[in-house]
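Student: what's the 3D shape of this:
(one chain, ligands or ions: 4)
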Amino acid sequence: MIMKDNTWRKRRLPIPRKTSELIALIALSSTLFLFLYTSDLHSRLREMEVRLQPGDEEGFSASQLSSEEPTSTDMDFESSGVVQYYSDINRKLTESYVNTNVPDIEALNNTRKADKAVIFFNRVPKVGSETFAELLRRLSTSNEFHFNRDLPQKYEFVFLAKQDEFELAKSIANIPEPSVFIKHVCFTNFTEFNLPEPIYMNLVRDPVERIISWYYYIRAPWYLLARRQMFPDLPLPDPQWLKKDFESCVLEGDMECQYIQGDIANGISDHRRQTLFFCGHQQECLPFNTVGVLERAKMTVEKNYAVVGILEDLNTTLTVLEKYIPRFFQGALNMYWDQVNSFSNINRNPLKPATSEKVKDILRRNFTKEIEFYQFCQQRLYKQFRALRLTN
Ligand SMILES: *[C@@H]1O[C@H](CO)[C@@H](O)[C@H](O)[C@H]1NC(C)=O
Ligand SMILES: *[C@@H]1O[C@H](CO)[C@@H](O)[C@H](O)[C@H]1NC(C)=O
Ligand SMILES: *[C@@H]1O[C@H](CO)[C@@H](O)[C@H](O)[C@H]1NC(C)=O
Ligand SMILES: *[C@@H]1O[C@H](CO)[C@@H](O)[C@H](O)[C@H]1NC(C)=O
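Tutor: Ligands and ions are numbered 1, 2, ... in the order given. Next up, the predicted model:
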């Protein structure tokens, strides 16, 4: 260091006094210029902040469904700037479409595209779909439609060969109108078989919560008992497997809890992919957490699904279902809350232990595309909700 300093000093050329004064002057004026420039930028930034504040009318979030008064967080939100804008994930999700003005309600209504008054609810497991099946069964009496649902299967085949897909589509196309048909199965493209399109609906859930729910569900004693009564020849589970908790399963690198990008499983008892139910029965739909599958699933939701609800927000889900598929869902919100006690225990697993945020974060790092898909569905649901322009 000292060596270097010395050599530098030695080589330094003597600068005349005049020149150094000139340099000082240039430095001073550029500082002044920069100061003026940044202060201009600053005021322009402030202007932009003000414009970024969402309008009152559009800012209608799901949690406000039942309350007319804005909550205190709403007030904070109105009075502060950009930072606050990003602080509340829910507000962000509901309001990120503010700049696109009022969503086009017709473009968001795929019910209009259906050729038949038949709902095809290709239900994703562990998203509250049992509750929704039961709700639809009760609605079938008041709204007068036929109710058809799948029976428990020994092995749930959701990913079908072309011929089986065709048979399924034919059988749905042949049921009398109006009807609802419910089954755990991947998205089935009726147009491909020249069959009339049904009204597609489904539900999704936070992918990490869902995978934990599945893990404990298949270990629950009541689930195992019911399975054994239905299928006595099923092998008994290993007690070690039953005792294993999800946290250690993840932390110890157990194969059951390894979620590797691009992994392909055969679709039997593999429930890591919510996107599979929206992508379809093609081989390209299998690789876990990949961009191709994500994009296909998003496109199918956008083009085909009338409504994809969110387990975490039942009120918005039920309201959107009522308004976009009224023939089947009118009165659903009231029916649900009037009979909530008889719904809230359906398939609930009281034995599920808590999972730490640390372990959830480990999973979130591997479920990025699944999470993106979930957020996409959430945004679309809120967009459909806002398009209704409900007041109060
Ligand atoms: C959902 O709606 C019901 C009935 O209107 C209401 O009692 C409940 O508080 C609402 N829940 C939320 C989270 O807004
Ligand atoms: C369904 O099939 C039709 C006809 O082959 C095709 O045009 C359409 O893109 C398919 N839709 C999806 C979501 O794959
Ligand atoms: C997450 O993915 C990485 C990279 O593929 C892998 O090494 C790791 O074991 C995975 N973790 C879990 C819990 O699946
Ligand atoms: C969507 O379309 C269906 C079928 O045409 C109609 O019954 C329903 O009222 C529409 N919903 C909205 C919100 O436009």
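Student: And for the residue nearest to E134 when sequence neighbours are not counted, the neighbour number?
Tutor: In space, and not counting its chain neighbours, E134 is closest to I346: 6.0 Å by C-beta to C-beta, 6 or more residues apart in numbering. For the C-beta atoms, the positions are set from N, CA and C on the backbone; glycine is no exception. Residues lying near I346 (other C-beta atoms under 10 Å) number 14.
Student: Got the confidence number for I346?
Tutor: We have a pLDDT of 76 for I346.
Student: so how far is D150 from it?
Tutor: As judged by C-beta to C-beta, to the nearest Å, I346 and D150 stand 16 Å apart.
Student: Likewise for I119?
Tutor: I119 is 14 Å from D150, by C-beta to C-beta.
Student: L321 against G309, yeah?
Tutor: Yes: counting by C-beta atoms under 8 Å, G309 is a contact partner of L321 at 6.6 Å.
Student: joint contacts of the two?
Tutor: M201 (C-beta atoms under 8 Å, 6 or more residues apart in numbering).
Student: For those two, indicate the residue with more neighbours.
Tutor: Neighbour count, other C-beta under 10 Å: between L321 and G309, L321 has more, with 27 against 24.
Student: which of the residues in the strand or helix carrying the more buried one are buried?
Tutor: Taking DSSP states H and E as the definition, L321 sits inside helix 314-324. Neighbour-count burial for helix 314-324 flags 314, 316-324 (criterion: 16 or more other C-beta atoms under 10 Å).
Student: for stretch 251-262, same thing?
Tutor: Buried, per 16+ other C-beta under 10 Å, within stretch 251-262: 257, 259.
Student: what's the spacing between that stretch and its chain's center?
Tutor: In this view, stretch 251-262 has its centroid 22 Å away from the chain centroid, taken as C-alpha atoms, centre = their mean, to the nearest Å.
Student: Same question for stretch 372-389.
Tutor: The mean C-alpha position of stretch 372-389 is separated from the chain mean by 9 Å, C-alpha atoms, centre = their mean.
Student: cool, stretch 201-211 as well?
Tutor: Distance, centroid of stretch 201-211 to centroid of chain: 7 Å (C-alpha atoms, centre = their mean).
Student: now the end-to-end length of it.
Tutor: Length of stretch 201-211, first residue to last, C-alpha to C-alpha, to the nearest Å: 21 Å.
Student: Rounded mean pLDDT for it, please.
Tutor: pLDDT averaged over stretch 201-211 gives 97.
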